[in-house]
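Trainee: Turn this into a model:
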Amino acid sequence: MSVAFVKEESAETAAETQLPDRVVSTHPNLVTLSGLQALERQLQEARSAHDAASLIEDVNERRRQMAGPARDLRYFAERVHTAQVMPDPASCDTVAFGSTVSFRRDDGRAQTYRIVGEDEADPKAGSMSYVSPVARLLLGKQVGDVAMLGEQELEIIRIT
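Mentor: Now for the predicted structure:
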């Protein structure tokens with residue numbers, strides 16, 4: 001419908017309420033079971049926010065309030081649809097998707113991260129995406145192995 005037939009300030013205002021889609025990774029959407037559950041929760045939250053915004057009477061305000069949830073609905077629906085739940089690692093012998101790996105850097109700092117899917121990665125909370133540079137270096141390694149990250153060595157000290 002043309003903006004001439006709705007209470008709209010301008011065509012630009014209508015365009016301002018359409019947010020660009022969130023970028024969907026080209027990597028396989030590998031997730032842990034808890035990662036899938038988090039995606040499903042986020043999808044439901046986006047659906048609830050969209051439904052609540054759809055009740056706003058003012059058309060301009062409704063469009064503004066629906067823009068974010070509509071974009072999130074598209075994104076999370078796609079991520080839930082393409083999610084591939086990975087089983088827990090079969091052993092702690094080698095670093096795998098879902099492993100928690102501790103490593104020591106050259107400067108003596110020890111760090112521990114769980115290797116998870118892209119949407120569930122949160123370095124501050126101790127998880128990193130399986131496609132991150134560090135995770136890609138560590139996957140397939142064993143305790144005692146050293147991986148080079150540029151000029152820096154990362155020695156694997158524990159896998160759980």
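
Trainee: what mean pLDDT does the helix of greatest length in the chain have?
Mentor: Under DSSP state H, the helix in the chain containing the largest number of residues is helix 59-82. In this model, helix 59-82 has a mean pLDDT of 96.

Trainee: How about that helix, which residues are buried there?
Mentor: 60, 63, 65-67, 69-73, 75-76, 78-80 (16 or more other Cβ atoms under 10 Å). The C-beta positions use only the backbone N, C-alpha and C, and glycine is treated the same way.

Trainee: Nearest to residue 160 among those?
Mentor: residue 79 (27.0 Å; Cβ to Cβ).

Trainee: all helices in this protein, in order from the N-terminus.
Mentor: Secondary structure of the chain by DSSP H: the helices cover 11-16, 33-53, 59-82, 133-138.

Trainee: Run the angle between the second one and helix 59-82 for me.
Mentor: Orientation of helix 33-53 against helix 59-82 (axes from the mean of the first three to the mean of the last three Cα atoms, to 10 degrees) gives an angle of 160 degrees.

Trainee: Which helix or strand in this structure has the lowest average pLDDT?
Mentor: helix 11-16 (a mean of 52; mean pLDDT, DSSP states H and E).

Trainee: still on that earlier bit, what helices and strands are in contact with the longest helix of the chain?
Mentor: Judged by 3 or more Cβ pairs under 8 Å, 6 or more residues apart in numbering; DSSP states H and E, helix 59-82 is in contact with helix 11-16, helix 33-53.

Trainee: Which among the ones you listed is found nearest to residue 151?
Mentor: Here helix 33-53 is closest among these (Cβ to Cβ), at 32.6 Å.

Trainee: who's in contact with the residue positioned nearest the centre of the chain?
Mentor: The geometric centre of the chain, computed from its C-alpha atoms, lies nearest to residue 119 (Cα atoms, centre = their mean), at 1.4 Å. Applying Cβ atoms under 8 Å, 6 or more residues apart in numbering, we find residue 119 in contact with 29, 31, 35, 38, 39, 79.

Trainee: pLDDT weak spots in this protein?
Mentor: Scanning the chain for pLDDT under 70 picks out 1-17.
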